[in-house]
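Novice: sequence and predicted model, in that order:
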Amino acid sequence: MRRTKHCIEMVEHIFHRYFIWIIISSYFMAALLPEFGIWIREVKLGSITLLHEQVELSLPPLMLSLLLFNAGLGIRTEEFKRLANRPLVLLGGLCGNLVTPLAFLIGISFIMNFWHNPEEVQHILVGLALVASMPIAGASTAWTQNANGNLVLSLGLILLTTILSPLTSPLVLHTAGFVTTGDYSEDLHEIASDGVTTFLGIWVIMPSLLGILVHRVVYTQFPGLAKAVLKLVNYIVLLLLNYSNASLSLPKAFSHPDIDFLAIMLTIVVSLCIAGFSTGYLVAKVFHTNRKDMASLMFGLGMNNNGTGLVLVSVALADHPQVMLPIIFYNLVQHLIASLVNSTVFRLEVKSYQPT
């Protein structure tokens with residue numbers, strides 16, 4: 001058992017250390033060898049009835065639910081009692097997570113009226129809408145830990161945005177539907193009216209809450225091994241999920257690259273991500289928080305659950321695979337900016353707090 005645990009921990013450490021490069025490699029594999037990724041997407045496992053809905057079982061949403069179930073397993077509900085002391089900070093983070101991407105989306109919709117290709121504008125706007133409508137990413141807790149931030153606040157932001165997503169996601173998608181046109185606008189309104197609430201309820205909220213309920217059993221019976229195994233499973237599932245979703249859109253982007261489209265999309269995605277991190281910083285300043293809370297707010301508001309967005313696009317907007325590109329870009333950019341913020345802002349702050 002000890003040797004098995006050591007091997008699992010060693011492999012998990014390799015994934016953790018080189019994860020961003022492994023993800024980038026998976027995107028190259030999706031572009032060059034997409035067949036296996038497409039097969040993953042096309043596997044059907046039957047259907048079941050949940051919440052009075054007939055739900056088709058396929059691998060991408062099942063892998064997503066496994067990720068969120070594992071995230072729920074890592075949450076200790078007793079720690080959330082400490083959040084009662086700072087409810088305004090939590091509320092400020094929630095508002096910032098909703099208002100900033102919405103304002104950015106509306107602003108970009110006006111600016112992009114000058115772009116020469118209306119179809120590319122729709123791809124960018126719909127992709128940004130899906131990014132903006134998703135809850136805060138579970139990966140933000142890892143960056144919060146690296147920066148020695150407030151892990152309880154980080155988990156609170158994730159749980160709150162996840163639970164409220166059936167309300168906030170339709171709001172964002174309906175708003176995006178008013179600034180997009182044609183088929184894209186109709187699809188966004190349709191998803192917001194019904195599809196996103198059902199999707200989030202079944203594949204996001206239910207597995208998250210189930211994981212929280214199962215937490216005590218798993219971590220009590222197998223405290224050390226469970227943590228290492230769950231982390232490794234998360235890395236592998238996330239890798240396969242990213243590869244599979246990227247297999248739909250990246251082959252075309254690589255085989256017939258549209259340089260100006262990719263350049264403007266990257267510029268917009270980087271700007272949105274910086275706006276999210278900056279909002280976290282401003283919320284921390286407004287409420288005069290300490291550096292631990294600032295780290296939680298910055299990483300939380302800068303990082304969205306793009307895995308959920310990609311799966312939703314692949315299910316509901318399969319006829320528009322290029323919409324995935326902004327989401328794929330954002331997924332990479334948020335980790336790169338998180339690494340930059342961690343190595344500059346918080347490393348410098350830690351150094352300044354050390355006694356001389």
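Specialist: Done, it's in. Numbering: from 1, shown residues only.
Novice: and after the helix or strand where L297 lies, which helix or strand comes next?
Specialist: In the assignment (DSSP states H and E), L297 maps to helix 291-302. Heading C-terminal from helix 291-302, the first helix or strand you meet, by DSSP H and E, is helix 306-316.
Novice: how distant is that next one from the center of its chain?
Specialist: Centroid displacement of helix 306-316 relative to its chain, using CA atoms, centre = their mean, to the nearest Å, is 10 Å.
Novice: ditto for stretch 260-270
Specialist: 19 Å.
Novice: my guess is Q54 is in a strand, correct?
Specialist: Yes. Assignment of Q54 by DSSP: H, G, I helix; E, B strand; the rest coil places it within a strand.
Novice: can you report how many residues lie near the nearest residue to A137 once chain neighbours are set aside?
Specialist: Once flanking residues are discounted, A137 sits nearest to M303: 4.2 Å by CB to CB, 6 or more residues apart in numbering. Yep, even glycine has a C-beta here, placed from its N, CA and C like the rest. Other residues lying near M303 total 28 when counted by other CB atoms under 10 Å.
Novice: what are the phi and psi angles of M303?
Specialist: phi -130, psi 120 (degrees, to the nearest 10).
Novice: and it, how far from G177?
Specialist: 25 Å (CB to CB, to the nearest Å).
Novice: repeat that for G276.
Specialist: Taking CB to CB, one finds G276 at 22 Å from G177.
Novice: so between those two, which is more surrounded?
Specialist: Neighbours per residue (other CB under 10 Å) separate G276 from G177, with G276 holding more: 28 against 23.
Novice: helix or strand for that one, which one?
Specialist: Applying DSSP H and E, one finds G276 within helix 259-286.
Novice: same deal with G46?
Specialist: strand 44-50.
Novice: so what touches that strand?
Specialist: 54-59, 62, 202, 206 (CB atoms under 8 Å, 6 or more residues apart in numbering).
Novice: and F254, what does it touch?
Specialist: Contacts of F254 (CB under 8 Å, 6+ apart): 31-32.
Novice: give me the pLDDT for it.
Specialist: If you check F254, the pLDDT there is 83.
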